[in-house]
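> sequence first, then the predicted structure, then my questions.
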Protein chains: 2
Amino acid sequence: LLNWYTMRTFPKLVGGLSDFFRSPLSNTRKSQWCQWKRAMHQVELTSVRYPNVKRGPYATVDDNDIKFFERVMEPSRVMTDPDIVDSHNVDWLKMVRGASQVLLRPKSTKEVSEVLKYCNTRRLAVCPQGGKTGLVGGGVPVFDEIIISTSLMDDIIAIDGISGALTCEAGCILEDLDNYAAGHGFMMPLDLGAKGSCHIGGNVSTNAGGIRLIRYGNLHHNVLGVEAVLANGEVVDGLTTIRKDNSGYDISHLFIGSEGTLGFVSKVAIECVKRPKAVNVAYLGLKNFNNVLATFRLARESLGEILSSCEFMDAESVHCVEQNLHLRLPIPKCPFYMLIETNGSNATHDEDKLMTFLDLLMRKKLVIEGTMASEPRHISNLWQTRERITEALLLDGYTYKYDISLPLTYFYQIVEEMRNRVGKYTIRCCGYGHLGDGNLHLNMTSKEFNEQLVHKIEPYLFEYIARKKGSVSAEHGLGFKKRDFIHYSKSPSAIELMRRLKNAFDPNGILNPYKVLPDLPYLFFHQLQVNLQSRQRHPKLLLEAYRRAWSGSSNGIALLQPRGEAIAVNTALEVAPKPEVRWVEVRWGPLPSNIRHDHRGDLPHRHSPEPPKVGEKVEKELQDLEPEVIERIPLVPSRGPIVSGPGPGLGLGLGLGPGLGLGLGLEVAAADLVGGTRQGEVELNGGTAGARRWDAMAGGDSRLDFVASARDHAAHQG
Amino acid sequence: LLNWYTMRTFPKLVGGLSDFFRSPLSNTRKSQWCQWKRAMHQVELTSVRYPNVKRGPYATVDDNDIKFFERVMEPSRVMTDPDIVDSHNVDWLKMVRGASQVLLRPKSTKEVSEVLKYCNTRRLAVCPQGGKTGLVGGGVPVFDEIIISTSLMDDIIAIDGISGALTCEAGCILEDLDNYAAGHGFMMPLDLGAKGSCHIGGNVSTNAGGIRLIRYGNLHHNVLGVEAVLANGEVVDGLTTIRKDNSGYDISHLFIGSEGTLGFVSKVAIECVKRPKAVNVAYLGLKNFNNVLATFRLARESLGEILSSCEFMDAESVHCVEQNLHLRLPIPKCPFYMLIETNGSNATHDEDKLMTFLDLLMRKKLVIEGTMASEPRHISNLWQTRERITEALLLDGYTYKYDISLPLTYFYQIVEEMRNRVGKYTIRCCGYGHLGDGNLHLNMTSKEFNEQLVHKIEPYLFEYIARKKGSVSAEHGLGFKKRDFIHYSKSPSAIELMRRLKNAFDPNGILNPYKVLPDLPYLFFHQLQVNLQSRQRHPKLLLEAYRRAWSGSSNGIALLQPRGEAIAVNTALEVAPKPEVRWVEVRWGPLPSNIRHDHRGDLPHRHSPEPPKVGEKVEKELQDLEPEVIERIPLVPSRGPIVSGPGPGLGLGLGLGPGLGLGLGLEVAAADLVGGTRQGEVELNGGTAGARRWDAMAGGDSRLDFVASARDHAAHQG
Ligand SMILES: Cc1cc2nc3c(=O)[nH]c(=O)nc-3n(C[C@H](O)[C@H](O)[C@H](O)COP(=O)(O)OP(=O)(O)OC[C@H]3O[C@@H](n4cnc5c(N)ncnc54)[C@H](O)[C@@H]3O)c2cc1C
Ligand SMILES: Cc1cc2nc3c(=O)[nH]c(=O)nc-3n(C[C@H](O)[C@H](O)[C@H](O)COP(=O)(O)OP(=O)(O)OC[C@H]3O[C@@H](n4cnc5c(N)ncnc54)[C@H](O)[C@@H]3O)c2cc1C
């Protein structure tokens, strides 16, 4: 007999803590909860497990902040009880654990907006949290980010009976929405194992895929509109229920899949599909992977438009469910399994198609075992052995999860290759997933987290994926755990563009920091440190890293801190008719401990709209700093730079005009060191905005303002 | 007998001029071409027809530019022959006519990149052009923008025989791609009347919808990846053929539907769908619109997953095709027509479904006439009366085209309303379109362009749409003709975000200017002028417009020019512990004619990475300018501003530190006047980057650099 305790309720149990406080617990639930709580406390803090990740330049929550939050929403929704907050610090997989001390549970967009506006001004980092079922550590804090949960934003606003457009708040649970839609003859276009817990806001933010993507497409297809709150509290109203709208850029797509780093999704409009009148599932056992592929092709061919799922599991995945969850398998053991579902509007036609398909399979001897279901209870039964694999694997101890896209030719080859490579260190190395979408879930387990095993897998696996032009994250996103591998799937130019977007949307970087995009400044200094220690000179590396860290900007002076030490990098410049960069100066010195958290890593967010507040004390500390110049790295002159100088660049400019402008400066500054976008002559303009001239002179943004009353003066010597 | 000269070849004839030069012409083609050419010259220049639109701050192409282009690509592909260029200045609808003098026909991404990089440095505006079938004037220049055509970028790179992923260059013609895909058992997921001429790059850039969107979704669904060239020449490689990839933000979506304003699409990867084994079309005649709606609902119900088109035409649309193109109608005349298509994998099942559906229709007496086809030639026949409406309407003279989304309840009501309102001024007022997607094409025609008629339609129609929460552009985009109406469909917050995106991607605004986003500075001064003349004081209006024009920035001095006069707006500021803005100064004076085109309207693009080149002559002219102060508009103190001052704000700052920094300035500057994002204290920091201090002092970006060696000094007096 199959075990009927479904996955659909399980994550609700562990994820949505609030449910436990609202409803009396059954004894089984209670004991499971205690068990989970115990397990939770065994999860190592992320900051300990990943010592290379440094806390960003954020403020720390204090009493005044709590008071502010309590003015914005009822105090009962500003939670600081460590027991409660802790359960929101740990992810569902128990892989990562943040150290947040505050959990906010807003009930409206307005509350979210006020909270974010405040946090942005105060430079308090936040972590948007939905159902906490994400599998890449994106939905829980890394350090002490304030958790903003959507759990109380769960109003269903409306459904359009004709078009199926459903509008709701971000915290609605996917399964609840589906039940609601069912009442109107519709179905949510996405479905996934975590549907009983995940929130639609989390789904949108991760561009969740799931088991029916092959038929109904991803959320870029189904989401009609999004309301989101930007980092500064601005509410961007992109909520619409019409299907077609080409009036301007479709900004909703920016929020789909951005994992809480570009905005907080507060409301969603999604197009539901007509609920199918007939659903059928075939569960097949196959001899080898070639037959799996052939079966898929045949399914596409014979089932055509009614094919709604084409899932694949290897023996190790399915047998794990049997072993760890004591589920009985629907068919005798086989090396490979497939689950093929149809959704259609005509039961007779669908059955006919399915029969033709199964018939062909038999005749071609592609399957060795099989069973079929068209009754909901039986269908759900068959899905168990697929949907509960994640859960079953967890019971082995620690899961090394990889969710990758690969061309079908290599789809299973990599599982076998990894099994050869790390098999002896693991309890299990298995593959399953959404075959129809080319999406493989490659999982390995061990009793406890084993860092060496990780190094056996990474970057080997990612290099393989990159060679085959696959993706290091097909549907789960990058979150915290996968962000450093983005370059295996995305080109440098694409990553740079993402960074530019992030800077434009969240200049202070308060929204879900340490997620999606790698922290380049740290990477950079990691590399730099190696260089310094080995006394090697790698100007190219340095410059490239420097340029990336500052992408979108052109000049500046860096204060960075790899492991306790402060490093300042100055680049010398001189504006001359054909200027060049000659060298980069590296200084190194101790960093006063009290500014560590305030300015360290300020680099990636330097386009911030507000000056960071420098307190008296910090100012003093800065005065005491006298970093030693340890390196002057000469630059290869052929890199096409814009500025030059034999020593610290000396810039002198004077602007004067009837508009009362005067600017005068003496400057050591940096410039865009690589690339040629700013190679043109730099012209200085005096006038009413004399100060701006300096900006230009420093090779900067050159946001020269042309003023009716201005006279242009340019003077400069190197 | 039906007229077999299909639409599919017609736009190729008039759009892709090059075809005429490459292949010998048949006599009919030749005479049509001459006819079209004559008509083309009758099209009024956009700059004349729309005198309010002013040329932006761009340079003018000179001989050196041409020489540069001729170095980048073969001289034969740098076209300046007025006859040839002119045919690329006029859109297919003959509604707008640019005055470009250069047409570039690059053959590779590299060439596009070099051209854009150069144009960006030189501030030469460009207009990306595909098949020139766009219906909102987006694909032709407004003034003298350089036309960059994709017509020679037409390589099909590959198709994946399993997944159907097709990769190609942007200039491939949609129909060619579909034929190519057909050879591999696939079909392009989009289809539209212009398929014989439109380019896939144009399709992607407009997020083209078409007749099968109801089944296969829009391009956000089907496009797998895009390679695009940014304004500065950077190539963003987002080309991928995998279906699922959540590794970071999906930047392709930024380019889909951005109409050439965010980047030049150079390559596209798109997922083709399995070519259906069975296609059926039912052509129905109906008595009233209620029956149309009931029929649609029934079609969705009975045809379910095989429904691939649900089109609607009123009598006036269809009869126009009969009248102007002499096509015979497939069924006797009726008040309303519908065209319903199915695509399926099983002919028997599909026919069965269709028959059940038609049977139901008859029994419910929903249709009065009908015919059906399943043979390709007959199907194409039936489609004629739908697909050739646009073309037929053109023959009336001038078409007032509106492509709107509306909830089905109001779908036809608006056609009747407009007919009542403007019927007597028009030859025809008709409605047709993609009913299944809620997308109505509302068209009116008159013999010649009639500005008064436009004012009868607009903004009345847009206000109606806004009230019903529809869209002013369902699928055609905003281009040039609809951009000023964006706010009827999009919230101010969404528009602001778009503007921010535009600024981040194309700071100099060289990519397809005058398209998609309204030119706020001009709007603003249009309003301002009214204020000045009436001597009314509307600081709020002024400020709001000002803030929007400068969105994303915080300070500056404006030189703007509404109709020949120059206006400079200075805002005074003073940095004080709790500063305030007290007033806005408006100056007004003549603008020297020769700088008109160089600096006027520089505002929206002030975040430009390079200083515009100011020639000697212009410098002199600027000196002669002495605009008169005509208004000092006092500000309401409660607007939460950051700066204040009784007269022209006087800023004095001094920064000094061991890092050799010194900054000194005396300044009249502006600040972010509205909104509270920059309300914090402004702190000044001397040190090695003294000049930057001024930026901060002026209330600016506050990109203060924290330098290990810096001392902070802040001094200021108002
Ligand atoms: C058993 C199981 C099966 C799964 N199957 C699938 C599957 O088939 N396909 C698939 O794609 N995923 C799957 N997942 C992963 C996960 O369920 C999805 O990623 C889901 O969409 C996450 O939703 P959530 O509400 O739990 O988000 P969370 O885990 O809370 O958060 C996920 C990310 O989104 C951000 N976020 C959450 N809410 C918001 C918001 N309102 N605004 C901005 N950012 C927000 C978080 O910061 C985080 O970065 C599965 C997970 C489990 C446990
Ligand atoms: C008879 C007819 C029927 C039509 N039916 C439909 C329909 O059903 N649905 C629909 O949506 N549209 C329809 N259209 C409109 C038009 O065909 C589509 O908008 C089409 O996608 C435009 O493609 P194009 O190559 O002709 O682009 P163009 O007209 O050349 O350009 C359109 C826009 O895209 C930009 N652009 C073009 N190429 C690029 C590029 N490579 N990179 C960046 N920007 C670029 C241009 O600057 C311009 O803003 C129809 C037009 C006609 C004439």
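Here it is on my side, so go on. Ligands and ions are numbered 1, 2, ... in the order given.

> pull up the gap between residue A:375 and residue B:123, please.
Applying C-beta to C-beta, to the nearest Å, the value for residue A:375 to residue B:123 is 68 Å. Just so you know, the C-beta spots here come from the backbone N, C-alpha and C atoms, and that holds for glycine as well.

> so what's the residue of the stretch 351-500 of chain A found nearest ligand 1 closest to, chain neighbours aside?
As assessed by C-beta to the nearest ligand atom, ligand 1 sits closest to residue A:475 within the stretch 351-500 of chain A, at 3.5 Å. Of all residues beyond its chain neighbours, the one nearest residue A:475 is residue A:209 (3.4 Å), with distances taken as C-beta to C-beta, 6 or more residues apart in numbering or on different chains.

> list phi and psi for that neighbour.
phi -90, psi -90 (degrees, to the nearest 10).

> look up how far residue A:266 lies from it.
Going from residue A:209 to residue A:266 by C-beta to C-beta gives 23 Å.

> before we move on, back to that, check contacts around the residue of the stretch 351-500 of chain A closest to ligand 1.
By C-beta atoms under 8 Å, 6 or more residues apart in numbering or on different chains, the contact set of residue A:475 is A:206-210, A:213, A:403, A:434, A:439, B:244, B:246.

> assign a three-state SS to it, would you?
Three-state assignment for residue A:475 (DSSP: H, G, I helix; E, B strand; the rest coil): coil.

> re earlier: show me what contacts the residue nearest to residue A:475?
Residue A:209 neighbours (C-beta under 8 Å, 6+ apart): A:190, A:192, A:218, A:434, A:437, A:439, A:474-475, B:244, B:246.

> in what helix or strand does residue A:119 lie?
Using DSSP states H and E, residue A:119 sits within helix A:109-122.

> likewise for residue A:221?
Element membership of residue A:221, judged by DSSP H and E, is helix A:219-222.

> please see if stretch A:331-347 touches ligand 1.
No - applying C-beta under 6 Å from any ligand atom, one finds stretch A:331-347 out of contact with ligand 1, separated by at least 12.8 Å.

> show me what the helix holding residue A:221 packs onto, helices and strands only.
Applying 3 or more C-beta pairs under 8 Å, 6 or more residues apart in numbering or on different chains; DSSP states H and E, one finds that helix A:219-222 contacts strand A:264-271, helix B:219-222.

> which one of the ones you listed lies closest to residue A:417?
Between residue A:417 and those, the tightest spacing by C-beta to C-beta is seen for helix B:219-222, at 32.4 Å.

> list the contacts of that closest one.
So helix B:219-222 is contacted by A:217-218, A:220-221, A:250, A:253, B:189-190, B:203-204, B:207-208, B:216, B:253, B:256-257, B:270-271 (C-beta under 8 Å, 6+ apart).

> so which of those residues sit within strands?
B:270-271 (DSSP state E).

> ligand 2 next: which of the contacts of helix B:219-222 are close?
Among these, the residues that sit close to ligand 2 (C-beta under 6 Å from any ligand atom) are B:203, B:208.

> ok, back up a step: please save the CA atoms from the helix holding residue A:221 in CSV.
Taking C-alpha atoms only, helix A:219-222 is exported to CSV below (Å, rounded to 0.1, in the frame of the first residue of the first chain):
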residue,chain,number,x,y,z
LEU,A,219,6.1,32.3,-15.7
HIS,A,220,7.4,34.7,-18.3
HIS,A,221,4.5,33.2,-20.3
ASN,A,222,1.9,33.1,-17.6
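
> is ligand 1 within reach of it?
No - using C-beta under 6 Å from any ligand atom, helix A:219-222 never reaches ligand 1; the gap is at least 9.2 Å.

> how much does the following helix or strand past that helix deviate in direction from helix A:109-122?
Once the chain leaves helix A:219-222, the next helix or strand it forms, by DSSP H and E, is strand A:223-229. If you take axes from the mean of the first three to the mean of the last three C-alpha atoms, to 10 degrees, strand A:223-229 sits at 50 degrees to helix A:109-122.

> where along the stretch 201-350 of chain A do the strands fall?
For the stretch 201-350 of chain A, the strands defined by DSSP state E, counting those that start in this stretch occupy A:223-229, A:235-238, A:264-271, A:273-274, A:278-286, A:307-314, A:336-344.

> closest one to residue A:481 among those?
Per C-beta to C-beta, nearest to residue A:481 of these: strand A:264-271, 21.2 Å.

> can you list the strands that the closest one pairs with?
If you go by DSSP bridges, strand A:264-271 pairs up with strand A:165-169 (antiparallel), strand A:223-229 (antiparallel).

> is it in proximity to ligand 1?
Yes - Strand A:264-271 is in contact with ligand 1 by C-beta under 6 Å from any ligand atom, via A:264-265.

> avg pLDDT for that strand?
If you average the pLDDT over strand A:264-271, you get 98.

> what are the buried residues along that strand?
Buried residues in strand A:264-271, defined by neighbour count with 16 or more other C-beta atoms under 10 Å in any protein chain shown: A:264-271.

> can you show me the CA trace of it as PDB?
This file holds the C-alpha atoms of strand A:264-271, laid out as PDB (Å, rounded to 0.1, in the frame of the first residue of the first chain):
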ATOM      1  CA  PHE A 264       9.800  42.800  -3.500                       C
ATOM      2  CA  VAL A 265       6.900  41.200  -5.400                       C
ATOM      3  CA  SER A 266       3.800  42.200  -3.600                       C
ATOM      4  CA  LYS A 267       1.000  41.300  -6.000                       C
ATOM      5  CA  VAL A 268       0.700  39.000  -9.000                       C
ATOM      6  CA  ALA A 269      -1.700  38.600 -11.900                       C
ATOM      7  CA  ILE A 270      -1.400  35.300 -13.600                       C
ATOM      8  CA  GLU A 271      -3.300  33.700 -16.400                       C
END
